[in-house]
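Undergrad: sequence first, then the predicted structure:
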Amino acid sequence: MTSRYIYFISKSSTVIYKLCIGKGTAKERLRECELEIVSMLLAPVPENLLPLKKRIEKNLFYSGFRSSTEKNMASLAKSLYGKRNSTASKFIKDIYDLHAQVESFINYPEQ
C-alpha cells in the first residue's frame, strides 16, 4: 500500500533538490519550481498528512490570477508577492517536512 506514495517522493525529491541548489532568494527559488510543486501537490500522501499538504497548498497558492483568462487559478508568484524571504523559507521547510514524513511512512508504515 505504501508504494502509491513513491510518486510523491519522486516529485518532492525533485522540488527539494531544485530548492536547495537554485540561485536567488527563497522566493525566487519557489517561483522557479512552481510547475514541479503543482505536480508534487497532485500526488497522493497518507491521510494523516493531508492537513500539512493542504497548508502548503494554501500558503503557496492562496491568491492572485495568472491572467484574466485563467480565473480562479492561483499563482505562486502572486501569493509570494509581499512575503518576506524568511516566510518563503518556512514554506520550503514545510515542503521538506512533508517529504520526510511521507518517506518515514513508507519506511515504517506501522508507526
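TA: In hand now; what should we look at?
Undergrad: count of residues packed around Lys90?
TA: 13 (other CB atoms under 10 Å). Using the backbone N, CA and C atoms, a C-beta is placed for each residue, glycine as well.
Undergrad: tell me the buried residues in the helix or strand encompassing it?
TA: In this structure, Lys90 is located in helix 85-107 according to DSSP states H and E. By 16 or more other CB atoms under 10 Å, the buried positions in helix 85-107 come out as 88-89, 91-92, 94-95, 98-99, 101-103, 105-106.
Undergrad: the helix or strand of the chain with the lowest mean pLDDT packs against which elements?
TA: Using mean pLDDT, DSSP states H and E, the weakest-scoring helix or strand in the chain turns out to be helix 76-80, at a mean of 85. The contact analysis (3 or more CB pairs under 8 Å, 6 or more residues apart in numbering; DSSP states H and E) places helix 76-80 against helix 26-32, helix 34-42, helix 50-60.
Undergrad: show me what contacts the residue nearest to Phe105 when sequence neighbours are not counted?
TA: Once flanking residues are discounted, Phe105 sits nearest to Pro46: 4.9 Å by CB to CB, 6 or more residues apart in numbering. Residues near Pro46 by CB atoms under 8 Å, 6 or more residues apart in numbering: Tyr5, Val102, Phe105.
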